[in-house]
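Peer 1: Generate coordinates for the sequence data below:
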Amino acid sequence: MQSIRCTRRRGVTIWVGHAPMNTPVTIDARDLMQEKTVMGSMYGSARPRLDFPRLLNLYKSGRLELDELISRRFTLEDVNEAFEVLARGELARSVLTFDDVG
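Peer 2: Here you go, the predicted structure:
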C-alpha cells in the first residue's frame with residue numbers, strides 16, 4: 001500500500017473514512033518492519049455525543065469560524081452542478097443547502 005510505504009520509520013498511517021463491510025485489506029508485512037503503525041479514524045476520535053454539541057456551541061458563539069472554509073454553497077436543485085464543479089477541482093469546499101426543503 002502506497003500510504004504505508006510513504007510513511008517514515010516509526011510513523012503512523014491513518015486511513016480516514018470507511019470501506020464497505022467485509023472489505024479485505026492486504027498489506028505486505030515488510031512494509032511494517034520499520035515499526036510503522038496503521039490505524040483507522042472515524043470522526044478523528046471525536047466523541048459525537050459530547051464533542052458535536054460543544055463544537056456547535058463554539059460555532060454559534062462565533063468562537064469557531066467555519067463559514068470562512070466554505071468556497072461556495074449550492075441548493076439541492078443544483079446538486080448536479082456541485083458534482084461537476086467538484087470533479088473539475090474548482091473549489092476547496094462546497095456545501096449543499098436544504099433551505100427550501102419541506
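Peer 1: Now do the longest helix along the chain: everything it contacts.
Peer 2: Longest helix in the chain, counting residues (DSSP state H): helix 48-60. Contacts with helix 48-60, where a contact means C-beta atoms under 8 Å, 6 or more residues apart in numbering, come from 43, 46, 64, 66. In this view, the C-beta of every residue, glycine as well, is placed from N, C-alpha and C.
Peer 1: 10 Å instead?
Peer 2: Outside of helix 48-60, the residues within contact range by C-beta atoms under 10 Å, 6 or more residues apart in numbering are 42-47, 63-67.
Peer 1: for that helix, what is the average pLDDT?
Peer 2: Helix 48-60 carries an average pLDDT of 95.
Peer 1: Next, report how far it is displaced from the centre of its chain.
Peer 2: The chain centroid and the centroid of helix 48-60 are separated by 17 Å under C-alpha atoms, centre = their mean, to the nearest Å.
Peer 1: ok, Thr13 - how many residues close by?
Peer 2: Thr13 is flanked by 19 other residues according to other C-beta atoms under 10 Å.
Peer 1: An error on my part: the question was meant for Thr7.
Peer 2: Applying other C-beta under 10 Å, we find 19 residues neighbouring Thr7.
Peer 1: show me the contacts for it.
Peer 2: Neighbours of Thr7 in contact, by C-beta under 10 Å, 6+ apart: 1, 13-14, 31-32, 34, 36-38.
Peer 1: Report pLDDT for it.
Peer 2: Per-residue pLDDT puts Thr7 at 97.
Peer 1: before we move on, what about Lys36?
Peer 2: Here the pLDDT value assigned to Lys36 is 96.
Peer 1: one step back: can I get the contacts of helix 48-60 in TSV including distance to Arg93, neighbour count and secondary structure?
Peer 2: Below are these laid out as TSV (distance: C-beta to C-beta, whole Å; neighbours: other C-beta atoms under 10 Å; DSSP: H, G, I helix; E, B strand; the rest coil):
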residue	distance to Arg93	neighbour count	secondary structure
Met42	20	10	coil
Tyr43	17	10	helix
Gly44	16	8	helix
Ser45	22	9	helix
Ala46	19	13	coil
Arg47	24	9	coil
Arg63	20	8	coil
Leu64	15	13	coil
Glu65	13	9	coil
Leu66	10	11	coil
Asp67	11	9	helix
